[in-house]
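Q: Give me coordinates for this.
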Amino acid sequence: MRLFRQLYVQMILGIVLGTIVGHVWPTIGVELAPLGIAFVKAMRMMVPPILFCTIVDGIVLHGGARRTGSTIARAILVFIGITIAALLAGAVVASLMRPGAGLRMPTLPAGIDLDRQLGARHITGPGDFLLRMVPDTFFSAFTAGDVPPVLFIAGLVGFGLIRIGRAGEPIARAIRGLTQLQFAIFGFLIRAAPIGAFGAVAFTVGAYGIGFIGSLGLLVATLAVACATLVALLLGAVRAATSMSPIRILRHFRDELVIVLGTSSSEVVLPRLMTKLEALGVPPAVVGLIVPLGYTLNLAGTAVYLVVATLFLSEALDIALPPDRLALYLVVMLATSKTAAGVTGSGFSALLLTLSLLPDVPVGAAAMLIAVDRILSTIRALTSGLANISATLLVARWDGAVLVMPSPTPRSAT
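A: Residues are numbered from 1 along each chain as shown. Predicted structure coming up:
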């Protein structure tokens with residue numbers, strides 16, 4: 001019974017039961033989709049205010065614009081380096097495994113419009129990203145459900161509090177207390193993660209079937225190998241910089257990774273991720289800045305996916321992409337990978353944007369990937385989550401923080 005109280009064990013049971021229900025009773029599996037969608041929406045509901053509070057608190061704790069600016073500058077350099085590594089890893093692995101060679105175009109089965117039900121509003125380009133960053137009103141930044149305007153408002157409020165000095169201390173304390181309240185609410189909601197995973201997996205298997213999904217298995221395997229390669233490189237860099245064991249890091253974030261596995265969204269573990277990073281010795285000010293910023297600018301899983309999916313479609317359609325065109329795609333993807341939020345389906349939207357900017361691969365061909373996008377989204381989310389963990393640890397070490405892996409909890413104490 002003690003084992004079944006562990007959240008990651010409950011998540012695994014939810015995933016297994018969802019697979020069984022979706023396969024044996026596909027109609028029921030499709031009807032269970034609202035369980036997964038409702039859970040993700042509940043988590044997303046909390047993300048804008050948490051991003052706002054943690055960023056403002058991080059800026060105030062730094063105590064000055066110059067120090068905050070240097071930390072953000074270092075973070076952006078780390079994010080760019082991780083994105084370049086992600087694109088190269090995807091290109092190399094996809095070129096070696098060639099997942100689309102000889103594949104016949106399947107007929108897309110009918111399903112539920114996840115983007116519509118999740119209320120997703122995707123960014124359509126760099127200009128749209130800039131316009132979406134500035135909200136219509138101060139408070140609409142929190143009601144629109146977009147990440148960029150929240151970052152914009154949080155930066156203004158944080159630096160404003162620094163400017164007014166002691167007069168802003170009550171506001172800063174109130175924001176810090178509100179952050180603790182939101183983390184407590186998140187703790188209540190996260191207990192429903194196994195139910196959300198059960199519904200999401202049951203829908204995926206019931207709507208598309210194990211056999212159809214299996215026909216695109218090599219694409220899934222290619223993305224998994226490419227992402228695993230990137231994660232190995234990142235954890236190796238963390239070990240070189242901090243002497244932290246990759247195995248112990250993965251074990252430390254085990255619960256969060258299993259939750260992402262079941263929900264296909266890295267946003268749902270944001271508060272728990274930040275708390276556990278602080279337990280490793282990362283200063284709260286750094287965590288409050290880097291993690292929320294990484295959810296917009298460090299989507300490494302999406303970057304890998306863009307390369308792998310594009311090469312897959314070009315092979316499936318027998319469209320040659322010479323080295324110079326592939327290099328152009330990589331440059332474009334360096335920007336379009338930043339247009340996806342950390343929510344389910346946003347990586348697919350970034351792929352559509354990438355294909356619409358370059359004429360080689362028809363945009364409509366991407367429809368064949370919807371059938372397995374839930375699986376691909378899970379891999380993307382796991383990779384992006386680990387990339388944000390790695391980036392935060394690297395930036396903290398660059399800032400001079402002393403990072404220490406906490407000792408394992410003795411069995412007798414649990």
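
Q: quick one: low-confidence parts of the stretch 1-150 of the chain?
A: 1, 8, 40, 44, 47, 62-68, 103-130, 132, 144-147 (pLDDT under 70).

Q: Of all the residues in the helix or strand hosting Arg173, which ones are buried?
A: Following DSSP states H and E, one finds Arg173 within helix 169-190. Neighbour-count burial for helix 169-190, counted by 16 or more other CB atoms under 10 Å, picks out 172, 175-176, 178-179, 182-183, 186, 189-190. For every residue, glycine as well, the C-beta is placed using N, CA and C.

Q: packing partners for the helix or strand that that helix is followed by?
A: The C-terminal neighbour of helix 169-190 among helices and strands, as given by DSSP H and E, is helix 193-208. Secondary-structure packing of helix 193-208 (3 or more CB pairs under 8 Å, 6 or more residues apart in numbering; DSSP states H and E): helix 7-24, helix 26-31, helix 33-62, helix 254-263, helix 373-398.

Q: wait, which of these is closest to Ala154?
A: In terms of CB to CB, the element of those nearest to Ala154 is helix 33-62, at 3.8 Å.

Q: How far does that closest one sit from its chain's centre?
A: Centroid separation for helix 33-62 versus its chain: 13 Å, with CA atoms, centre = their mean, to the nearest Å.

Q: Okay, angle between that helix and helix 193-208 too, please.
A: 130 degrees (axes from the mean of the first three to the mean of the last three CA atoms, to 10 degrees).

Q: For Leu51, which non-adjacent residue is closest in space?
A: Pro292 (4.5 Å; CB to CB, 6 or more residues apart in numbering).

Q: Give me the next element, helix or strand, following the helix or strand hosting that neighbour.
A: Using DSSP H and E, Pro292 maps to helix 284-297. Per DSSP H and E, helix 284-297 leads on to helix 300-316 as the next helix or strand towards the C-terminus.

Q: residues of whatever helix or strand comes next after that following helix that come out buried?
A: Using DSSP H and E, the helix or strand that follows helix 300-316 in sequence is helix 323-336. The neighbour-count criterion (16+ other CB under 10 Å) identifies 326, 329-330, 332-336 as the buried residues of helix 323-336.

Q: Kindly report the same for stretch 75-83.
A: For stretch 75-83, by 16+ other CB under 10 Å, it's 75, 78-79, 82-83.

Q: who touches it?
A: Residues outside stretch 75-83 that contact it (CB atoms under 8 Å, 6 or more residues apart in numbering): 234, 289-290, 293-294, 297-298, 300, 303, 334, 337, 387, 390-391, 394-395, 398.

Q: Could you do stretch 216-229 as well?
A: Contacts of stretch 216-229 (CB under 8 Å, 6+ apart): 89-90, 92-94, 97, 99-100, 103, 106, 301, 304-305, 307-309, 312, 368-369, 371-372, 375-376, 379-380, 382-383.

Q: Can you turn the buried part of the residues you listed into a PyMOL selection?
A: This is the PyMOL syntax for the buried subset of those, where burial follows 16+ other CB under 10 Å:
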select buried, resi 89+90+93+94+97+99+100+103+301+304+305+307+308+309+312+368+369+371+372+375+376+379+380+382+383
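
Q: Using PDB, write out every CA atom in stretch 260-273.
A: Listed next in PDB are the C-alpha coordinates belonging to stretch 260-273 (Å, rounded to 0.1, in the frame of the first residue of the first chain):
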ATOM      1  CA  VAL A 260       4.900  14.600 -18.100                       C
ATOM      2  CA  LEU A 261       4.900  11.100 -19.600                       C
ATOM      3  CA  GLY A 262       1.300  10.700 -18.900                       C
ATOM      4  CA  THR A 263       0.100  14.200 -19.700                       C
ATOM      5  CA  SER A 264       2.300  15.100 -22.700                       C
ATOM      6  CA  SER A 265       2.800  18.600 -21.200                       C
ATOM      7  CA  SER A 266       5.800  20.000 -19.400                       C
ATOM      8  CA  GLU A 267       3.800  22.900 -17.900                       C
ATOM      9  CA  VAL A 268       1.900  20.700 -15.400                       C
ATOM     10  CA  VAL A 269       5.100  20.100 -13.300                       C
ATOM     11  CA  LEU A 270       6.300  23.700 -13.300                       C
ATOM     12  CA  PRO A 271       6.000  24.400  -9.500                       C
ATOM     13  CA  ARG A 272       7.300  21.000  -8.500                       C
ATOM     14  CA  LEU A 273      10.200  21.400 -10.900                       C
END
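
Q: confidence score at Gln306?
A: Rather than Gln, residue 306 is Leu. For Leu306, the pLDDT comes out at 92.

Q: Please read the previous query as pertaining to Val372.
A: On pLDDT, Val372 comes in at 69.

Q: and the two most separated of the buried residues of helix 323-336?
A: Using CB to CB, the buried residues of helix 323-336 reach their maximum pairwise distance at Leu326 and Ala335, which is 16.0 Å.

Q: In strands, which of the buried residues of stretch 75-83 fall?
A: Among those, no member is found in strands (DSSP state E).

Q: And the residues you listed, which is closest to Pro271?
A: Using CB to CB, the shortest approach to Pro271 within the buried residues of stretch 75-83 belongs to Ala75, at 19.4 Å.

Q: centre of the chain versus the longest helix that the chain contains, how much separation?
A: In the chain, with assignment by DSSP state H, the single longest helix is helix 65-97. Mean C-alpha position of helix 65-97 versus that of the full chain (CA atoms, centre = their mean) differs by 14 Å.

Q: quick one, that helix and helix 323-336 angle?
A: 140 degrees.

Q: So which of the buried residues of helix 169-190 is the closest to Ala38?
A: Leu189 (10.7 Å).

Q: Go ahead and confirm Trp398 touches Arg74.
A: Yes - counting by CB atoms under 8 Å, Trp398 touches Arg74, with 5.3 Å between them.
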